[in-house]
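**Student:** everything below, folded, please.
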Amino acid sequence: MIDRLLGAAGDLPPESTQQAVGYPSLFLLVALGSLVPVVPTGAIVSSAAVVAFHQSTPLPLLIVFLVAAFAALLGDIALYWLGQRGVRSRNGSRWLAVLRGRAAPDRLARAQEKLATHQVSVLVLSRLVPAGRIPVMLACLLAKVPLRRFVRGDVPACLAWAATYQLIGILGGSLFPEPWQGVLAAAGLTVLISGAPALWRRVRGSGRGEPGAGSRSGSEHA
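**Tutor:** The predicted model follows:
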């Protein structure tokens, strides 16, 4: 999908197509994935980076990095703001309920424990650990961390996240001569990374005879 969005369309050169279609689409998909954590945003960024890697100049890679980081930050801010409304409301809110439903109690407890002493580093790691963002965000909400302080910690988190998945895309682009091959490799790798923790918890829970141990694992893709 990103390959088609960032590739040439009609008689337009690839650079013009990226500016007109690819980058806005990348922004919208990443922002939506940050707000509604079921979209595989990591795979989207990696795929976009593969296509950008095959361009004639390094500028597309820089633009992909900036667009992805900015979109992730705006999505996080919007989700945190909606969660704050739920915390302040006597009856809660649908968004707060969604966050609670996607944060396993054990992961939330660990996030709350680490947040007390390592606030900024916890936010950065939460973006890099699969399914780690929502528990830490919920912990911040329950601790009533102000939005401004949350944003200060989330800026380096989004930059690190965008850089990590872009590096995966660059790796995929460098290993294969055709962009579509690199896109498939990068997307597959990011999906594998995102799903590995949930799969491991499910296998471990089955080994211990704990039915449903993996049912609470989040479906968030980075």
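**Student:** regarding Val38, what is its secondary structure?
**Tutor:** coil (DSSP: H, G, I helix; E, B strand; the rest coil).
**Student:** flag the helix or strand of this structure with the lowest per-element mean pLDDT.
**Tutor:** helix 2-6 (a mean of 48; mean pLDDT, DSSP states H and E).
**Student:** how about the helices in this protein?
**Tutor:** Using DSSP state H, the helices of the chain run over residues 2-6, 14-17, 23-35, 41-53, 59-88, 94-102, 105-115, 119-128, 133-142, 147-175, 179-207.
**Student:** just name the most buried of these.
**Tutor:** Ranked by mean neighbour count under mean count of other CB atoms under 10 Å, the helices of the chain are led by helix 41-53, which reaches a mean of 30. Every residue, glycine included, has its C-beta placed from N, CA and C.
**Student:** between helix 59-88 and that helix, find me the angle.
**Tutor:** 160 degrees (axes from the mean of the first three to the mean of the last three CA atoms, to 10 degrees).
**Student:** for helix 41-53, packing partners?
**Tutor:** Counting contacts by 3 or more CB pairs under 8 Å, 6 or more residues apart in numbering; DSSP states H and E, helix 41-53 packs against helix 2-6, helix 23-35, helix 59-88, helix 147-175, helix 179-207.
**Student:** mind saving the C-alpha coords of stretch 151-158 as PDB?
**Tutor:** Written as PDB, here are the backbone C-alpha positions of stretch 151-158 (Å, rounded to 0.1, in the frame of the first residue of the first chain):
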ATOM      1  CA  VAL A 151       4.400  15.900  25.800                       C
ATOM      2  CA  ARG A 152       7.900  16.700  27.000                       C
ATOM      3  CA  GLY A 153       8.500  13.000  27.600                       C
ATOM      4  CA  ASP A 154       6.600  11.900  24.500                       C
ATOM      5  CA  VAL A 155       8.700  14.000  22.000                       C
ATOM      6  CA  PRO A 156      11.900  11.900  22.400                       C
ATOM      7  CA  ALA A 157       9.800   8.800  22.500                       C
ATOM      8  CA  CYS A 158       8.200   9.500  19.100                       C
END
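**Student:** mean confidence for that stretch?
**Tutor:** Averaging pLDDT along stretch 151-158 gives 92.
**Student:** related to what we said a few turns ago, the helices and strands packed on helix 41-53: which one's closest to Ile44?
**Tutor:** Of all the helices and strands packed on helix 41-53, helix 23-35 sits nearest to Ile44, with 5.2 Å by CB to CB.
**Student:** average model confidence for the closest one?
**Tutor:** Here helix 23-35 scores 91 as its mean pLDDT.
**Student:** what stretches of the protein score poorly on pLDDT?
**Tutor:** Along the chain, segments meeting pLDDT under 70 span 1-21, 90-92, 119, 176-177, 179-182, 191-222.
**Student:** repeat that with 90
**Tutor:** For the chain, applying pLDDT under 90 flags the ranges 1-23, 34-44, 46-60, 83-135, 140-145, 168-222.
**Student:** now do the nearest residue to Leu79 once chain neighbours are set aside against Phe27, distance only.
**Tutor:** Nearest residue to Leu79 in three dimensions, chain neighbours excluded: Leu35, at 5.2 Å (CB to CB, 6 or more residues apart in numbering). Using CB to CB, to the nearest Å, Leu35 is found at 12 Å from Phe27.
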